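Enquirer: take this sequence and fold it.
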Amino acid sequence: MILFIDTHSSLITIALKNKDNLYIKTKESEYSHSIYTMPMIEEIFKENNLNVKDLKKIIVVNGPGSFTGIRIGVSIAKTMAYALKIDINTISSLTAYLVSNGSGKKRAAIIEDSKGYYISVFDENDNNIVPEYYSEENNCEYERVEEKLDVDKIIKYCENMKSENQHFVKANYVKKIEVES
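Expert: Okay, here's the model as predicted:
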């Protein structure tokens, strides 16, 4: 069974995927990720009569996005992976948007913040041709995908990834302009 955690935006998404079913729970939470995320995880197990001990992997969206939201989701995922001795994988929010929004054409995921844009581009074959970068201008010429997630596609994309060391999993929220200031 795989647990999916996404707290990078105001919408918290928690999902469980086993052989037969995909269970998804979402909650809009502008500034209360710390209040809702763990209870949502507990509820999704309880409501579907599933046991946390059956988890084999955790997939967590590690940003870019909400600074506090990302820290909460990544911290929960790392702690659970360590305590349960299970695999963990990260996926960036940009890659998650690209994976969720089809293939067959070049497309860009763009997340805007108050100072600029996070950008990444996939080609027709789902290869990353423009690695994630941060820019003060939106100079991307490719079609922009919607900021929506298809959890099933994301889990399939991550299912066969090599597990990451939970001690080295980190949030992706430091912008070059903040580091250089």
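
Enquirer: could you use CA atoms for every contact and neighbour count after this?
Expert: Will do.

Enquirer: so where does the spatially closest residue to Y134 that is not a sequence neighbour fall, helix or strand?
Expert: Leaving aside its sequence neighbours, Y134 sits nearest to Y118 (Cα to Cα, 6 or more residues apart in numbering; 4.5 Å). Secondary structure from DSSP states H and E places Y118 in strand 117-122.

Enquirer: by contact count, what packs against that strand?
Expert: helix 93-100, strand 107-112, strand 128-135 (3 or more Cα pairs under 8 Å, 6 or more residues apart in numbering; DSSP states H and E).

Enquirer: what's the angle from it to strand 128-135?
Expert: Using axes from the mean of the first three to the mean of the last three Cα atoms, to 10 degrees, the inter-axis angle of strand 117-122 relative to strand 128-135 is 180 degrees.

Enquirer: so which elements touch the top helix by length along the chain?
Expert: The residue-count maximum for a helix in the chain (DSSP state H) belongs to helix 67-84. Packed against helix 67-84, as judged by 3+ Cα pairs under 8 Å, 6+ apart, are the following elements: strand 2-6, helix 33-47, strand 57-61, strand 87-91.

Enquirer: residue nearest the middle of the chain, spatially speaking?
Expert: V61 (1.9 Å; Cα atoms, centre = their mean).

Enquirer: please report the distance of that residue from N125.
Expert: According to Cα to Cα, to the nearest Å, V61 and N125 sit 22 Å apart.

Enquirer: so the residue nearest to Y134 sits against P131, correct?
Expert: No - at 10.3 Å, Y118 does not count as touching P131 under the criterion of Cα atoms under 8 Å.

Enquirer: return the helix or strand in the protein with minimum mean pLDDT.
Expert: helix 176-180 (a mean of 48; mean pLDDT, DSSP states H and E).

Enquirer: residues in contact with M1?
Expert: Applying Cα atoms under 8 Å, 6 or more residues apart in numbering to M1 gives the contacts L16, K17, N18, K19, D54, L55, K56, K57.
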